[in-house]
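**Student:** everything below, folded, please.
(one chain, ligands or ions: 1)
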Amino acid sequence: MGQKITCAQAVDYLSKKEEGKLTLRQRYQLWRHLLACSLCRLFRVQTKHLTRSLRQVPPANMPAGDKAALIEKLAAEKNTG
Ligand SMILES: [Zn+2]
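**Tutor:** Here you go, the predicted model:
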């Protein structure tokens, strides 16, 4: 159960979670990742907000620095596999 997931996986799990497609194990891994990763916590908040208000309100702005950092992190993980 100690297996860690990457930020890219966490983002993927978050979108699946919205659709109720996560297994118990995946939810546990996601929860552990979110405990350790403030960027993905921020992303989760943004995602929730987006999902709820997609129709009425323009997407909330993630602070530019955090967004860039997250994108950078995701890109780095893709490169390293
Ligand atoms: Zn993360």
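**Student:** give me the element the residue most central in space within the chain is part of.
**Tutor:** The structure's the chain has its C-alpha centroid closest to Val11; by Cα atoms, centre = their mean the separation is 3.3 Å. Assigned by DSSP states H and E, Val11 falls within helix 7-18.
**Student:** in the helix or strand following that helix, what counts as buried?
**Tutor:** Stepping forward along the backbone from helix 7-18, the first helix or strand reached (DSSP H and E) is helix 24-36. Under the neighbour-count criterion of 16 or more other Cβ atoms under 10 Å, helix 24-36 has Gln26, Gln29, Leu30, Arg32, His33, Leu34 buried. C-beta coordinates here come from the backbone N, C-alpha and C atoms, glycine included.
**Student:** what separates the second one from the ion, distance-wise?
**Tutor:** If I follow you right, that is Gln29. Taking Cβ to the ion, to the nearest Å as the measure, Gln29 falls 11 Å from the ion.
**Student:** and the last one, by the same measure?
**Tutor:** Leu34 sits 8 Å away from the ion, taking Cβ to the ion as the criterion.
**Student:** residue contacts, His33?
**Tutor:** Listed by Cβ atoms under 8 Å, 6 or more residues apart in numbering, the contact partners of His33 are Lys4, Ile5, Cys7, Gln9, Ala10, Cys40.
**Student:** okay if I get those residues as a markdown table plus neighbour count?
**Tutor:** Output for those, formatted as a markdown table (neighbours: other Cβ atoms under 10 Å):
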| residue | neighbour count |
| --- | --- |
| Lys4 | 10 |
| Ile5 | 17 |
| Cys7 | 18 |
| Gln9 | 16 |
| Ala10 | 24 |
| Cys40 | 25 |
